[in-house]
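*Asks:* the following comprises the amino acid sequence and a computationally predicted model.
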Amino acid sequence: MNFKSMDEFWPFYLSQHSKPATRMWHFAGTSASLLCFIYSVVFNWWFLFCVPLVGYGMAWYSHFFVERNVPATFGHPVWSFLCDYKMFGLMLTGQMDQEIKRLGKRPVLQAY
């Protein structure tokens with residue numbers, strides 16, 4: 001699939017994160033990667049190596065073992081990165097459930 005904008009990609013992205021546990025793993029991974037980034041800037045630049053490992057590691061775990069689909073990052077890395085932060089922001093502000101209801105999307109099943 002080719003997406004021309006983040007607005008086009010967003011419903012697909014949410015369909016790949018249909019389970020609350022998947023979204024929570026993403027939230028935890030994004031939070032941990034942000035903390036790793038802050039730590040690396042303040043204390044030790046070598047710790048910057050942990051930022052993608054922690055963030056993507058937790059997110060991909062949720063796709064393989066919770067959601068049971070292929071991470072959208074594999075096919076659309078830039079859109080996925082941007083949408084992850086959008087999802088993080090919506091979860092942080094308590095608006096994620098409202099966004100899911102607004103879109104009314106069912107999960108798109110993929111084999112991996």
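*Replies:* It's in.

*Asks:* may I see the buried residues of stretch 61-80?
*Replies:* With burial defined by 16 or more other CB atoms under 10 Å, the residues of stretch 61-80 counted as buried are 61-63, 66-67, 69, 71-73, 76, 79-80. Every C-beta, even on glycine, is put in place using the N, C-alpha and C of the backbone.

*Asks:* and stretch 45-64, by the same measure?
*Replies:* Those would be 50-51, 54-56, 58-63, for stretch 45-64 by 16+ other CB under 10 Å.

*Asks:* S62 and G104, how far apart?
*Replies:* S62 is 22 Å from G104, where distance means CB to CB, to the nearest Å.

*Asks:* what's the answer for K86, then?
*Replies:* 18 Å.

*Asks:* hey, which helix or strand in the chain has the poorest pLDDT?
*Replies:* Counting by mean pLDDT, DSSP states H and E, the chain has its least confident helix or strand at helix 96-103, which shows a mean of 90.

*Asks:* kindly format the C-alpha coordinates of that one as PDB.
*Replies:* Output in PDB follows, covering the C-alpha atoms of helix 96-103 (Å, rounded to 0.1, in the frame of the first residue of the first chain):
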ATOM      1  CA  MET A  96      -6.800   7.500  22.500                       C
ATOM      2  CA  ASP A  97     -10.100   5.700  23.200                       C
ATOM      3  CA  GLN A  98     -12.000   8.600  21.700                       C
ATOM      4  CA  GLU A  99      -9.800   8.500  18.500                       C
ATOM      5  CA  ILE A 100     -10.400   4.700  18.100                       C
ATOM      6  CA  LYS A 101     -14.200   5.300  18.400                       C
ATOM      7  CA  ARG A 102     -14.000   8.200  16.000                       C
ATOM      8  CA  LEU A 103     -12.400   6.000  13.300                       C
END
